[in-house]
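Engineer: the sequence and its predicted three-dimensional model are supplied below.
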Amino acid sequence: DNGQKFIFTNKHKKLFSKNGYLIIKNALSDKLCKKLNQKIKLLTRKELNKKNSYIYGSGKLLRIYHLIEKDKLFRDLLFHPIVTQFCNFAFKRDTLHEKYFLSSFHGNTLFPGAESQKLHVDVNLPNPLPNWMIRVNVNYIIHDYNEKNGATVVVPKSHKKLISPTRLKKLKINK
């Protein structure tokens, strides 16, 4: 984003393998984050004007699907060096098929009073979960957030438990 090449280091690999998540601070410039935030706000307004926008939960959560078709800014995020290097590491295996593919690319808007999601695994599989990589989620945090305004919750090391994290201790992660 800022013209520098990102290098996915052995330290990154070890942290991800140990914890099941990785935080890379300042991956995007402040300027790009502001542009993305403005674009999401514009898309949120457009979605709210549609009769078929995807509003879920108590009606205070809105998901904007198909960001890949909405703006080049979003398409460029898919090919950010962090994403490509990380996915090449996470899905490193011998195969005649593609090692990974995009299954969803969306933005979420939480309105005041939105409820927390229940802890879950973003794949529809029964317990026990397989011991191989099924899916990777990449979250670009484009503005500061915390527990009060909708921070992402992760369960460190839950990837080693091979069960859904609903009963495990949670850890709130801030930018």
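Structural biologist: Great, that's in hand.
Engineer: mind naming the longest helix for this structure?
Structural biologist: Assignment by DSSP state H gives helix 30-49 as the longest helix of the chain.
Engineer: just checking, what packs against it?
Structural biologist: strand 61-64, helix 72-78, strand 107-110 (3 or more C-beta pairs under 8 Å, 6 or more residues apart in numbering; DSSP states H and E). (C-beta placed from N, C-alpha, C; glycine too.)
Engineer: how about the ones you listed in CSV, adding mean pLDDT and distance to R93?
Structural biologist: As requested, these are exported to CSV (pLDDT from 0 to 100; distance: least, C-beta to C-beta, whole Å):
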stretch, mean pLDDT, distance to R93
strand 61-64, 94, 31
helix 72-78, 95, 21
strand 107-110, 90, 30
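Engineer: would you map the strands across the protein?
Structural biologist: Ranges of strands within the chain are 54-56, 61-64, 107-110, 153-154, 171-172, based on DSSP state E.
Engineer: do you know which of those lies nearest Y140?
Structural biologist: strand 107-110 (9.2 Å; C-beta to C-beta).
Engineer: partners of the closest one, with directions?
Structural biologist: Using DSSP bridges, strand 107-110 pairs in its sheet with strand 61-64 (antiparallel).
Engineer: quick one: contacts of the strand it pairs with?
Structural biologist: With contact meaning C-beta atoms under 8 Å, 6 or more residues apart in numbering, strand 61-64 is reached by 40, 43-44, 47-48, 53-56, 70, 106-111, 114-115.
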